[in-house]
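S.K.: got a predicted structure plus its sequence, pasted below:
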Amino acid sequence: MNNNVNRFSRRVFLKSGSGVMAGLMIPATVKGLFAKEKASISVDVNEVRGIVCPEIYGQFIEHLGRAIYGGIFDEETNSFRKDVLEKVKPLKAPLMRYPGGTVTKTYHWKDGIGPVDKRPVRRNLIWGGEDSNHFGTDEFMKYSAEIGAAPFLTVNMNTGTAEEASDWVEYCNANGNSYFATLRKTNGHAAPYKVKYWGLGNEEAAKEDVGLLQNPDDYIKKAWYFAKLMKLQDPEISLVLVGDNDEWNRKVLQEMHPICDYISLHLYAGSQPGRPATLFSSIASMEKRIEETAQLIKEIAPEKVENFNKWYRFPSRQKPVKIALDEWGIWENGGTGNYGLEVKYNWNHALGVATFFNIFHRHADVIGMATWAQTVNVLAPVMTDQTKVFVQTVYYPMVMYRQLCGGKSVGVKVDGPVNDGIPALDVAATVNEDILTITVVNRDPKQDIDIALNKNGNWKVYVLNAPGIELENTFDKDVVSHKETTLKGSNYSAPAHSISFLQIKI
Ligand code: AHR
């Protein structure tokens with residue numbers, strides 16, 4: 001149903017894909033007749049823009065459609081699907097967000113613990129269908145441990161209570177003989193899970209989800225109460241505030257920054273039908289959104305909070321507030337499955353994912369975490385049917401950025417061609433120990449670009465590409481190629497529609 005467009009129109013400023021159409025329009029066919037495009041990239045390894053938080057390479061799973069049941073979890077055997085796990089593991093996500101998403105607003109964690117045959121089957125009021133609750137907190141912890149991710153839980157601030165959220169912290173993190181710690185032990189998990197990251201709700205400004213109208217003041221009032229009861233259980237936990245527009249963020253930050261560590265932004269990019277390049281203007285608008293939020297944080301939240309009233313009984317924030325992009329991704333209309341959320345990604349979308357990672361690196365000083373929405377079947381890099389699995393194009397940049405980048409984000413200047421207002425090249429640079437990695441996304445669908453680098457030497461080069469931007473993977477074919485080569489000197493030719501990782505020892 002095409003209600004999707006309306007249902008999610010509150011995000012329209014993020015999902016519109018509205019292009020900035022300026023400059024000289026040269027049809028691609030004419031351009032193709034000219035010589036290669038030229039560009040220069042200049043990296044300054046001494047200009048440290050920030051330390052890349054490993055948590056920016058996270059993932060998200062939700063009780064939604066075939067994301068968990070039929071995706072990562074096999075209901076028939078009550079176990080994780082091994083074929084899916086094999087694809088999820090190489091994503092090397094250091095952080096996994098759960099159980100939602102919107103479903104958080106009706107999710108009661110106590111339904112999903114204890115003997116599986118005793119767990120209540122609940123209707124999934126948000127996304128449809130029934131939830132057996134066979135995958136719950138303990139299964140999520142096990143899954144996170146298997147893939148090497150730290151768990152990140154979001155609490156129900158709509159049909160749930162502050163006490164319920166506080167009990168969840170106790171169940172996960174307490175180590176004594178208290179009721180919920182004992183319950184966890186009885187359920188077979190002696191050691192506390194030490195869950196550090198907790199989300200105070202999800203998209204709380206969205207009245208349409210469960211019909212609860214919340215203005216920022218309502219949210220602040222509730223969030224303080226939830227935060228307090230949760231922090232009394234474990235003062236070490238990090239809390240993620242729900243963000244929305246600037247007005248909301250300003251108020252929420254003003255009132256809550258002393259006790260919260262992150263403010264969230266949900267960024268879903270999309271393109272206009274038949275105009276793939278508009279994906280990049282949509283993503284560019286999100287970089288702007290990150291910059292505006294960073295500015296707001298700077299204005300409102302001091303680096304740390306002193307003179308905090310001791311009667312709160314837990315310490316105040318001691319590190320700068322950061323942005324949590326706890327849902328980011330690409331959301332095109334026309335998908336299948338629940339609410340059209342099983343979206344097919346082509347190679348252009350993979351270029352979009354690489355652009356997003358470059359943005360995260362460029363803003364490493366302020367982005368504290370990012371979890372791609374989602375992981376399996378729903379807006380996902382990994383797709384399944386009942387017996388088979390395949391990875392979408394977007395999977396590959398996720399794997400490669402996580403494998404090759406990280407460390408310090410350093411300064412980079414780019415001078416290159418611009419197509420219809422969209423720079424063809426998107427570039428970032430990171431230094432990990434003594435390896436500089438320049439990530440170059442050539443988003444021009446037709447032209448290779450000759451790049452003069454300001455560093456000379458012996459480079460290792462990894463290139464991801466596909467024969468065309470419109471191509472998608474299926475169960476039967478994988479269109480993505482990986483090339484590993486070397487380069488001597490300072491001139492690199494970035495193939496049309498490619499993602500290159502240029503590495504050099506410094
Ligand atoms: O990721 C799908 C949905 O998008 C999430 O449930 C919700 O938080 C967002 O609107």
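M.R.: All right, it came through fine. Please read all numbers here as calculations on a predicted model, not as lab measurements.

S.K.: can you list the residues of the stretch 1-150 of the chain near the ligand?
M.R.: Taking C-beta under 6 Å from any ligand atom as the criterion, the stretch 1-150 of the chain approaches the ligand at residues 62, 100, 101, 102. (Glycine included, C-beta is placed from N, CA and C.)

S.K.: and the third one, what does it touch?
M.R.: When contacts are counted by C-beta atoms under 8 Å, 6 or more residues apart in numbering, residue 101 touches 60, 62, 63, 64, 154, 202, 327, 373, 374.

S.K.: for the stretch 251-400 of the chain, give the residue positioned nearest to the ligand.
M.R.: Each residue of the stretch 251-400 of the chain has a distance to the ligand, by C-beta to the nearest ligand atom, and the smallest belongs to residue 373, at 4.0 Å.

S.K.: isn't that residue right up against residue 61?
M.R.: No - in terms of C-beta atoms under 8 Å, residue 373 does not count as a neighbour of residue 61; the distance is 9.2 Å.

S.K.: name the helices or strands packed onto the longest helix seen in the chain?
M.R.: Ranked by residue count and defined by DSSP state H, the top helix of the chain is helix 278-300. Of the remaining helices and strands, those touching helix 278-300 by 3 or more C-beta pairs under 8 Å, 6 or more residues apart in numbering; DSSP states H and E are helix 12-15, helix 246-256, strand 262-269, strand 322-330, helix 347-362, strand 422-423.

S.K.: ok, now with 10 Å
M.R.: Using 3 or more C-beta pairs under 10 Å, 6 or more residues apart in numbering; DSSP states H and E as the contact test, the elements touching helix 278-300 are helix 12-15, helix 246-256, strand 262-269, strand 322-330, helix 347-362, strand 367-373, strand 422-423, strand 425-432.

S.K.: list the buried residues of that helix.
M.R.: 278-287, 289-290, 293-294, 296-297, 300 (16 or more other C-beta atoms under 10 Å).

S.K.: what do you get for stretch 251-262?
M.R.: If you call a residue buried by 16+ other C-beta under 10 Å, then stretch 251-262 has these buried ones: 251, 252, 253, 255, 256, 257, 258, 259, 260, 261, 262.

S.K.: how many degrees apart are the longest helix of the chain and helix 347-362 in direction?
M.R.: An angle of 20 degrees separates the directions of helix 278-300 and helix 347-362 when computed by axes from the mean of the first three to the mean of the last three C-alpha atoms, to 10 degrees.

S.K.: and helix 278-300, average pLDDT?
M.R.: Mean pLDDT, helix 278-300: 98.

S.K.: quick one: distance of that helix to the chain centre.
M.R.: 15 Å (C-alpha atoms, centre = their mean, to the nearest Å).

S.K.: and stretch 56-68, by the same measure?
M.R.: When distances are taken as C-alpha atoms, centre = their mean, stretch 56-68 is centred 10 Å away from the chain's centroid.

S.K.: then the longest helix of the chain to PDB, C-alphas only?
M.R.: Once non-C-alpha atoms are left out, helix 278-300 reads as follows in PDB (Å, rounded to 0.1, in the frame of the first residue of the first chain):
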ATOM      1  CA  THR A 278      19.500  12.300  -6.400                       C
ATOM      2  CA  LEU A 279      20.500   9.600  -3.800                       C
ATOM      3  CA  PHE A 280      23.700  11.700  -3.300                       C
ATOM      4  CA  SER A 281      21.900  15.000  -2.800                       C
ATOM      5  CA  SER A 282      19.600  13.200  -0.300                       C
ATOM      6  CA  ILE A 283      22.700  12.000   1.500                       C
ATOM      7  CA  ALA A 284      24.300  15.400   1.300                       C
ATOM      8  CA  SER A 285      21.300  16.900   3.100                       C
ATOM      9  CA  MET A 286      22.000  14.400   5.900                       C
ATOM     10  CA  GLU A 287      25.600  15.600   6.300                       C
ATOM     11  CA  LYS A 288      24.100  19.000   6.700                       C
ATOM     12  CA  ARG A 289      21.800  17.700   9.400                       C
ATOM     13  CA  ILE A 290      24.700  16.100  11.200                       C
ATOM     14  CA  GLU A 291      26.500  19.500  11.100                       C
ATOM     15  CA  GLU A 292      23.500  21.400  12.400                       C
ATOM     16  CA  THR A 293      23.100  18.900  15.300                       C
ATOM     17  CA  ALA A 294      26.800  19.100  16.100                       C
ATOM     18  CA  GLN A 295      26.500  22.800  16.300                       C
ATOM     19  CA  LEU A 296      23.600  22.600  18.600                       C
ATOM     20  CA  ILE A 297      25.500  20.200  20.900                       C
ATOM     21  CA  LYS A 298      28.400  22.600  21.000                       C
ATOM     22  CA  GLU A 299      26.100  25.500  21.900                       C
ATOM     23  CA  ILE A 300      24.200  23.700  24.600                       C
END
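
S.K.: got the confidence number for the single nearest residue of the stretch 1-150 of the chain relative to the ligand?
M.R.: With C-beta to the nearest ligand atom as the measure, residue 101 is the residue of the stretch 1-150 of the chain nearest to the ligand, at 2.9 Å. Looking at residue 101, its pLDDT stands at 98.

S.K.: ok, the one 10 residues further on next?
M.R.: According to the prediction, residue 111 has pLDDT 98.

S.K.: repeat that for residue 214.
M.R.: At residue 214, the pLDDT value in this model is 89.

S.K.: residue 176 contacts residue 182, correct?
M.R.: Yes - contact status for residue 176 versus residue 182: in contact at 8.5 Å, counting by C-beta atoms under 10 Å.

S.K.: before we move on, back to that, among the buried residues of helix 278-300, which are in reach of the ligand?
M.R.: Taking C-beta under 6 Å from any ligand atom as the test, the ligand is in contact with none of the buried residues of helix 278-300.

S.K.: re earlier: JSON lines for the helices and strands packed on helix 278-300, including mean pLDDT and distance to residue 446?
M.R.: Shown next, in JSON lines, are the helices and strands packed on helix 278-300 (pLDDT from 0 to 100; distance: least, C-beta to C-beta, whole Å):
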{"stretch": "helix 12-15", "mean pLDDT": "30", "distance to residue 446": "27"}
{"stretch": "helix 246-256", "mean pLDDT": "98", "distance to residue 446": "38"}
{"stretch": "strand 262-269", "mean pLDDT": "98", "distance to residue 446": "22"}
{"stretch": "strand 322-330", "mean pLDDT": "98", "distance to residue 446": "22"}
{"stretch": "helix 347-362", "mean pLDDT": "98", "distance to residue 446": "13"}
{"stretch": "strand 367-373", "mean pLDDT": "98", "distance to residue 446": "29"}
{"stretch": "strand 422-423", "mean pLDDT": "97", "distance to residue 446": "14"}
{"stretch": "strand 425-432", "mean pLDDT": "98", "distance to residue 446": "14"}
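
S.K.: redo those as TSV? Include distance to residue 409.
M.R.: Supplementary listing: these in TSV, determined by distance: least, C-beta to C-beta, whole Å:
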stretch	distance to residue 409
helix 12-15	23
helix 246-256	23
strand 262-269	18
strand 322-330	14
helix 347-362	5
strand 367-373	10
strand 422-423	19
strand 425-432	5
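
S.K.: to residue 38, which of those lies closest?
M.R.: Ranking the helices and strands packed on helix 278-300 by proximity to residue 38 (C-beta to C-beta) places strand 425-432 first, at 10.9 Å.

S.K.: rewinding a little: what's the overlap in contacts for residue 373 and residue 61?
M.R.: Residues touching both residue 373 and residue 61 (C-beta atoms under 10 Å, 6 or more residues apart in numbering): 67, 97, 101, 380.

S.K.: give me the number of residues near residue 489?
M.R.: By the other C-beta atoms under 10 Å criterion, the neighbourhood of residue 489 contains 12 residues.

S.K.: hmm, I typed the wrong one, I wanted residue 498.
M.R.: The number of residues packed near residue 498 is 23, by other C-beta under 10 Å.
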